[in-house]
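Engineer: Model the following, please.
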Amino acid sequence: MSKYQIGDMPSPQKLDVVGGHWVGRSIERNFLGRPIVRSILLRDPVSQFLSHYNYRMMRYLSQGLRPYAVDIAYRSRRPDFLTHFILNTFAEIPRPRLVLMSSAEKFAQANSFLSSFAFVGDHTRCDELIARLAGDLGMPERASLRNTSDQWLERVPWKPLGEGDLSPSMIASIRRDNELDQILWETWRDAGGGPIEPDPHEFAQEARTKRLTRHASRLVNQVRRRVDRRWTGTDASLGS
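Structural biologist: Numbers count the residues shown, from 1 in each chain. Next up is the predicted model:
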């Protein structure tokens, strides 16, 4: 079932753009007879994790909650977060089906889905994407900055972590644990418009016991982060 709600959405015939983190492809049935031009920006696993972590900490601080350690944040996270998010949220492949799919099958599905997009690229190409859309939508080629770290830091006392704040072993762990995300980003970061033919890649199959251990660790650390952000939050630990 889709997570988005369209009860307050204006008439689809009056809309030129629909965007957001939670808008699945089934919304397109509300725009029958109109061309659908999809676009998406991707991020490498290390950069995406740090951005997500910093944003969460700033948001929690703005709500009167406490930050928790970066290693807890990482251990509570699903491996290959970005690929699963694309396949489950945007492509709307059910979670039970994703659990049964191999990494190679997920990679193939993600590539097939992204091949239908008019623009795919690294997140640093946001200005390029806006410029491409500006003429068709009658909007400025440069957008006003909103929801940036600098704007958040005017409201909350937080020092954002960067890649240089993580230990080499933690960076290596992030890339190793998110191999699918890493390869997907490397495949599409410079794609721009149109489909591409991804290079074949062999993904190692993770043992069932290791998957179960990882899942149990995630559950434990998800509890820890909820406790820490309410009662016992501490300075961000850099992990190992």
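Engineer: Check the residue minimising distance to the centre of the chain and give its pLDDT.
Structural biologist: Nearest to the mean C-alpha position of the chain, by Cα atoms, centre = their mean, lies residue 82 at 4.4 Å. Per-residue pLDDT puts residue 82 at 95.
Engineer: Residue 7 now?
Structural biologist: 83.
Engineer: Is it located within a helix, as I assumed?
Structural biologist: No - per DSSP: H, G, I helix; E, B strand; the rest coil, residue 7 lies outside any helix segment and is coil.
Engineer: circling back to that earlier point, is it true that the residue nearest to the centre of the chain lies in a helix?
Structural biologist: Yes - using three-state DSSP, the secondary structure at residue 82 is a helix.
Engineer: so who does it touch?
Structural biologist: By Cβ atoms under 8 Å, 6 or more residues apart in numbering, the contact set of residue 82 is 42-43, 45, 48, 178, 181, 184-185. Where you see a C-beta, it was placed from the backbone N, CA and C, and this is true even at glycine.
Engineer: swap the cut-off to 6 Å and go again
Structural biologist: Going by Cβ atoms under 6 Å, 6 or more residues apart in numbering, residue 82 touches residue 181.
Engineer: From residue 167, how far off is it?
Structural biologist: 22 Å (Cβ to Cβ, to the nearest Å).
Engineer: what about the helix ranked longest in the chain, average pLDDT?
Structural biologist: Secondary structure assigned by DSSP state H gives helix 208-227 as the longest helix of the chain. Here helix 208-227 scores 87 as its mean pLDDT.
Engineer: which helices and strands sit right next to it?
Structural biologist: Other helices and strands packing on helix 208-227, by 3 or more Cβ pairs under 6 Å, 6 or more residues apart in numbering; DSSP states H and E, are helix 70-75.
Engineer: which other helices and strands contact the helix it packs on?
Structural biologist: helix 208-227.
Engineer: again, only this time at 7 Å
Structural biologist: helix 45-62, helix 208-227 (3 or more Cβ pairs under 7 Å, 6 or more residues apart in numbering; DSSP states H and E).
Engineer: Can you give the contact residues for the first one?
Structural biologist: Looking back up the chat, that one is helix 45-62. Helix 45-62 is contacted by residues 43, 66-67, 70, 73-74, 82, 149, 152, 155-158, 160-163, 171, 174-175, 178, 181-182, 229 when judged by Cβ atoms under 7 Å, 6 or more residues apart in numbering.
Engineer: In a strand, residue 141, correct?
Structural biologist: No - Residue 141: not assigned to a strand; according to three-state DSSP it is coil.
Engineer: Quick check: the residue of the chain positioned farthest from its centre vs residue 12, distance?
Structural biologist: In the chain, the residue that sits farthest from the middle, by Cα atoms, centre = their mean, is residue 33; the gap is 30.0 Å. Shown here: residue 33 relative to residue 12, a distance of 10 Å by Cβ to Cβ.
Engineer: What of residue 48?
Structural biologist: 31 Å.
Engineer: who has more neighbours, those two?
Structural biologist: Between residue 48 and residue 12, counted using other Cβ atoms under 10 Å, the more crowded position is residue 48 (19 against 16).
Engineer: roughly how far apart are that one and residue 85?
Structural biologist: Counting by Cβ to Cβ, the gap from residue 48 to residue 85 is 10 Å.
Engineer: The protein: strands as residue ranges?
Structural biologist: Shown for the chain, the strands assigned by DSSP state E span residues 39-42, 119-122.
Engineer: Make JSON lines from those strands and add mean pLDDT to it.
Structural biologist: JSON lines is the format used below for these (pLDDT from 0 to 100):
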{"stretch": "strand 39-42", "mean pLDDT": "95"}
{"stretch": "strand 119-122", "mean pLDDT": "94"}
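Engineer: what's the most buried one of these?
Structural biologist: Most buried of these, by mean neighbour count (mean count of other Cβ atoms under 10 Å): strand 119-122, with a mean of 20.
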